[in-house]
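K.L.:
For reference, the sequence and a predicted model appear below.
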Amino acid sequence: MKNTRKHGEFMDAVAQTGVNIRTARRLMEHARECDEVNRLLDYHPNKKKRDTVSLLEPPPDQDDLEEEKPQHEAGVSKEWNATDCVRSLLNHYERLVSHRSEEERRDVRTAFNEVAVDSDDDFAESRRIIREGSGRIIEEDE
């Protein structure tokens with residue numbers, strides 16, 4: 001293909017085939033090596049350490065990277081959802097209480113719910129204080 005194209009058209013022709021230009025150049029080099037010894041040689045695409053990089057996909061076009069970045073909203077994450085959170089908590093719960101009686105498991109659930117509610121209340125109060133300001137300095141003795 002290289003010998004049938006005008007100067008400057010080769011890379012466009014390779015691009016139309018879907019073959020990476022580095023791969024095409026390695027294949028052409030291999031063909032020259034075969035011609036030099038006048039026989040077909042085994043093809044080893046990675047005979048040079050630096051050639052391993054050419055096996056990677058070409059980098060994406062810059063236009064594709066210019067997508068609108070998601071705006072972060074406080075307290076919101078697209079990766080987070082309640083179902084995944086519950087499944088994670090359930091996995092921990094099951095490991096912790098797997099050898100406990102039904103009554104002990106019920107006690108753990110009850111205590112967890114109470115602690116979670118208290119934690120949520122404390123968190124909400126902390127956020128309120130931060131937003132509104134406490135208006136006073138907390139003494140070290142308190």
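P.N.:
That came through fine.
K.L.:
Where does pLDDT dip in this structure?
P.N.:
1-2, 43-80, 133-142 (pLDDT under 70).
K.L.:
need the helices for it, in chain order.
P.N.:
Ranges of helices in the chain, per DSSP state H, are 10-17, 21-37, 62-65, 82-97, 102-132.
K.L.:
Let me see the domain layout of the protein.
P.N.:
2-55, 82-132 (automatic domain parsing).
K.L.:
how about those domains in TSV, adding mean neighbour count?
P.N.:
Yep, even glycine has a C-beta here, placed from its N, CA and C like the rest. Output for these, formatted as TSV (neighbours: other CB atoms under 10 Å):
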stretch	mean neighbour count
domain 2-55	11
domain 82-132	10
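K.L.:
coming back round to it: TSV for the helices of the chain, including distance to residue 4?
P.N.:
Listed next are the helices of the chain as TSV, based on distance: least, CB to CB, whole Å:
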stretch	distance to residue 4
helix 10-17	9
helix 21-37	13
helix 62-65	32
helix 82-97	57
helix 102-132	71
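K.L.:
Out of these, which gets nearest to residue 3?
P.N.:
helix 10-17 (9.4 Å; CB to CB).
K.L.:
just checking, what packs against that closest one?
P.N.:
helix 21-37 (3 or more CB pairs under 8 Å, 6 or more residues apart in numbering; DSSP states H and E).
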